[in-house]
Structures are given as structure tokens and as C-alpha cells.
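**Student:** predicted structure and sequence below. I'll ask about it afterward.
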Amino acid sequence: MKPVEVARLWEANAESWTRCVRAGYDIYRDKLNTPAFLAMLPDVRGLYGLDIGCGEGANTRKLTRLGARMQAVDVAPTFIRHAKATEVAAPLGILYEVADGMHLPFAGGAFDFATAFMSLMDMPDHGLALKEAARVLRPGGFFQFSILHPCFAPPHRRVLRDPHGNVLGIEVGRYFEPMTGSVSEWTFSSLPLKERGRVAPFRTPMFHRTLSSWVDLICAAGLMIEKLGEPMASAAQAAAEPTVADTRVAPLFLHIRARKG
């Protein structure tokens, strides 16, 4: 799939996506994935950071509240429009612009760190995106990103539950089958029934590669892996939010922090 088609798909999703996430329907993000990502993040106070694939800016704003000075980019103009509107309403000093993560409009060595919350996996050329992230980092800077776990969210994934809804296991398949831009249609599982008739399913591009391929690309970009994270919901979290209970059986997300040598 070409980058222009990826951008078109995300722009088509952006208005509905913004409304849904701001209404609290992205349970995985809000209750598990983002908190775990931020807990793994080094101290960013006083650092200059870039958020790649920022969406409507929710996580970028969290980074500024940790003390970072942030710029952020996304390929979808509607996401950037919403992010800028929030910045105007509640200024945090964030600079947003429309840009492709595979062709960042910044000088080499411009940033102390970079992040990508669940965006890198949606870019057609993961290797190029990693090289671009490395390019804009100063020596010693780090890039931390989250993706769907390639081992436990390959092209085929199904959560197995008992008659009471308790998670028994995760069925996975087609792990070694490359996916280069299949379009998946889905919506947030927490979306109320009354909303489902009014909200069209998201259509998102899917790109899958094996874990070893990700490691090879990270190393080829001149980055050194220093920490991995596989968020797991606590028993209390799973009881309060059954949506995330599957992560107690196998991780859905993978967090990687790599540093520029």
C-alpha cells in the first residue's frame, strides 16, 4: 500500500476517531497501554521531544505535563486540526504540523527524544520510519514506541472465552505471513450499542512483520534496544475493565525503547 492511501484512510477515520477517544471508548489506550508506556519512559523534564503520529494529541499533552517541550506530527490534517484547537483552548506550548513519519521535516539531531504511540506499525515502510526517527535524534537521544505485539497480534488473533466471558486463551496464526497493507474494519468494543448505528467502522491499514524483523530494522537504523515492555493488566484492572482481561493471558502490545549511539 502506498503512503498516500494510508494517509487517505487515516484522514477518513480522524473525525470519528477523535470523537470516540475523547468520549473514553478506547479502553485499552486509556486504562492500560498509555499508562504503561509513560511508566516505562525515562525522565523527560526539560527535554525537547517529537511525537510521531500524534493523532488528536492526547498523549502528546501527557508528555508536556511530564515536563517535556513537544512538537508533534500526524499524516491526517483532521487530527492536527483537533490537536491545534485543543492547544488554543488550553495552551501547553506544543507545535503541531501535518507530516509523514517516514519523511520528517526536521533537521538531523533536532530532538532529545522521540515517541510513537501505536503509529509506527501503521506506516508502510517501518525501516524508513525508524531511520527518520533516528536521524532527528541527537546522539544519545532515545526513541520509544508502542506497536501491536507481533507475536500475539499477527494477521489472525482471536480471544477464547468460556461461557461466562472469562478469557481462556489467545488463538494466533499466520505469524510468518507478511502483511503489506490489508485494510481492517473494526470499532472500539466499548462503543455503546446506540452509537454503533451512527458510527461507521474504522478502516485501518495493517502491516505485519515478525519480531526478528523489527529487531533487524531497529539495528539497521543505528538504534540500540535498551528496554522492552509487554503491558499486562492487573487483576484489579481486569475485574474493573473486562475488555483488557486478555492481556493477562498474552500481551496485546509491545513497547520498545531504543537509543541512538
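**Tutor:** All right, it came through fine.
**Student:** next secondary structure after the helix or strand containing residue 203?
**Tutor:** Element membership of residue 203, judged by DSSP states H and E, is strand 202-208. Toward the C-terminal end, the helix or strand that comes next after strand 202-208 (DSSP H and E) is helix 211-220.
**Student:** next structured bit after that next one?
**Tutor:** Tracing the chain past helix 211-220, the next element assigned as helix or strand by DSSP H and E is strand 223-229.
**Student:** check which element follows that next one along the chain.
**Tutor:** Remark: after strand 223-229, the chain's next helix or strand is helix 235-240, criterion DSSP H and E.
**Student:** pull out the buried positions in that following helix.
**Tutor:** 237, 238 (16 or more other C-beta atoms under 10 Å). Using the backbone N, CA and C atoms, a C-beta is placed for each residue, glycine as well.
**Student:** against which helices or strands is the helix or strand that it is followed by packed?
**Tutor:** Proceeding N to C from helix 235-240, the next assigned helix or strand is strand 253-260, under DSSP H and E. Secondary structure elements in contact with strand 253-260, counted by 3 or more C-beta pairs under 8 Å, 6 or more residues apart in numbering; DSSP states H and E, are helix 34-40, strand 137-148, helix 211-220, strand 223-229.
**Student:** now do 7 Å
**Tutor:** Here strand 253-260 touches helix 34-40, strand 137-148, strand 223-229, going by 3 or more C-beta pairs under 7 Å, 6 or more residues apart in numbering; DSSP states H and E.
**Student:** can you add distance to residue 5, mean neighbour count and mean pLDDT and give the ones you listed back as a markdown table?
**Tutor:** Formatted as a markdown table, these follow (distance: least, C-beta to C-beta, whole Å; neighbours: other C-beta atoms under 10 Å; pLDDT from 0 to 100):
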| stretch | distance to residue 5 | mean neighbour count | mean pLDDT |
| --- | --- | --- | --- |
| helix 34-40 | 28 | 17 | 98 |
| strand 137-148 | 20 | 20 | 98 |
| strand 223-229 | 28 | 15 | 98 |
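**Student:** which of the three states applies to residue 104?
**Tutor:** Three-state call for residue 104 (DSSP: H, G, I helix; E, B strand; the rest coil): coil.
**Student:** contact partners for it?
**Tutor:** 73, 132, 136 (C-beta atoms under 7 Å, 6 or more residues apart in numbering).
**Student:** tell me the centre residue of this protein?
**Tutor:** In the chain, the C-alpha nearest the mean C-alpha coordinate belongs to residue 118, at 1.0 Å (C-alpha atoms, centre = their mean).
**Student:** how near is it to residue 160?
**Tutor:** 24 Å (C-beta to C-beta, to the nearest Å).
**Student:** which residues touch residue 93?
**Tutor:** Contact criterion C-beta under 7 Å, 6+ apart gives 64, 69 as the residues in contact with residue 93.
**Student:** partner strands of the host helix or strand of residue 172, with direction?
**Tutor:** Applying DSSP H and E as the criterion places residue 172 in strand 167-173. Applying DSSP bridges to the sheet, strand 167-173 is found paired with strand 156-161 (antiparallel).
**Student:** how about residue 200: what's its closest non-neighbour residue?
**Tutor:** By the measure of C-beta to C-beta, 6 or more residues apart in numbering, the closest residue to residue 200 outside its immediate chain neighbours is residue 16, 6.7 Å from it.
**Student:** the one you found contacts residue 198, correct?
**Tutor:** No. If you go by C-beta atoms under 7 Å, residue 16 and residue 198 don't touch, sitting 9.3 Å apart.
**Student:** tell me the pLDDT of residue 181.
**Tutor:** If you check residue 181, the pLDDT there is 89.
**Student:** who touches the helix-or-strand element of the chain with minimal mean pLDDT?
**Tutor:** Of the helices and strands making up the chain, the lowest-confidence element is helix 193-196, at a mean of 84, by mean pLDDT, DSSP states H and E. Counting by C-beta under 7 Å, 6+ apart, the neighbours of helix 193-196 from elsewhere in the structure are residue 187.
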